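Chemist: Return atomic coordinates for the entry below.
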Amino acid sequence: MGLPPAAGWHAVRRLHGQREEDLQDDQPQYCRRAGGGDRGAHVAKLGSRSASSKTGSRDFIDLVGATSDTVPHQAMVDITAEVGFGFFSIENRVPEFDRRYGGRFQAVHALSLAFPALLSPVTCSAYVYGLSHPAVSASARLLSRLGLLDVAVINSSVGQTVQVDELLPGSTVRACRINAGDEDLAFNDAVRKGTASMPQDLKSVTQHEDPQENVAAAIRVLAGRDTSQARNAVALNAALLMLMSEATPTIQSGIDKALTIIDAGAGLDTLQQFVRLTGGAPHQLNSLLRPVSASAPLVSPGIKETAAC
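Modeler: Residues are numbered from 1 along each chain as shown. Model (predicted):
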């Protein structure tokens, strides 16, 4: 089994007035299709181009040489079943969604906690939704009432101002899972403990100005060539997906399994297969593995609030 490409490095729509522009692109919506055992989780990644950060999940897909717009919907579903990962762009769905809901998609109100997660073009048995807002319980309950039978909403915060829609090791984490209308308190506690078990190192996931450099950093993790705490961040978010998909019994066993996969370079193998099946350009992905000279991070060392990619 290989990790979903760029697990933990995705972008979702952010609520207005929040401080996440310096943090690594975050957790969008994930979806379990099937799988277990050595096959792991099947992930349908919903995403778009960057909104407030430098590199969105659609930017990632483009820069690694994969194609998405020209792949028919059913073909992408088939790729998801074969590889364990599929990418479904939601950018073209936003204008229609906005029209149907009276131009309220960009407005800040109660449904802002659920609108992006409702754009899924695929039906799944479980969802993980990253929220750049601490109201994870309200979001999960709202999504449950709107028809998602098994949904987990997660959020990480650093200090008083930075809100991230993915799991960051060592940060303050909020998690809420609603399964068949009931809150899974044991799951929520396990996610918090799993995150707390890892040291915090925001510098290792600091965003750079160049999107290609951000993508190359993610590729180095998937190839098993990065020993920084970025490796832990990817493993933690992948473990969450495996736990939701019942591919692993606990968050800690998921972390251990993900780290083994990363160290073996199997995450990169999955991404290479995905690029090939979409009719993309494998040489573009391979070029990202070449050594590059370090550039200045988006957040300078003199600024107190460092943040992620």
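Chemist: Find the nearest non-adjacent residue to residue 121, please.
Modeler: residue 88 (5.3 Å; CB to CB, 6 or more residues apart in numbering). Bear in mind the C-beta positions are built from the backbone N, C-alpha and C, glycine included.
Chemist: Sorry, wrong one. I was asking about residue 254.
Modeler: residue 239 (3.0 Å).
Chemist: What is the neighbour count of residue 77?
Modeler: 17 (other CB atoms under 10 Å).
Chemist: hmm, back to that, are we agreed that the residue nearest to residue 121 is in a strand?
Modeler: Yes - counting by DSSP: H, G, I helix; E, B strand; the rest coil, one finds residue 88 located in a strand.
Chemist: Could you measure from it over to residue 235?
Modeler: 24 Å (CB to CB, to the nearest Å).
Chemist: cool, and residue 201?
Modeler: From residue 201 to residue 235 the distance is 13 Å (CB to CB).
Chemist: At which residues are the helices of the stretch 1-150 of the chain located?
Modeler: All helices of the stretch 1-150 of the chain, identified by DSSP state H, counting those that start in this stretch, fall at 57-63, 73-83, 94-100, 136-145.
Chemist: model confidence over the second one, on average?
Modeler: Along helix 73-83, the predicted confidence averages to a pLDDT of 93.
Chemist: Going by contacts, tell me the helices and strands next to it.
Modeler: Helices and strands touching helix 73-83, by 3 or more CB pairs under 8 Å, 6 or more residues apart in numbering; DSSP states H and E, are strand 85-89, helix 266-277.
Chemist: any idea which of those is most buried?
Modeler: Per residue and on average, the most neighbours among these fall to strand 85-89, with a mean of 24 (mean count of other CB atoms under 10 Å).
Chemist: Relative to that one, what are the paired strands and their orientations?
Modeler: Strand 85-89 has its sheet partners listed here by DSSP bridges as strand 43-47 (parallel).
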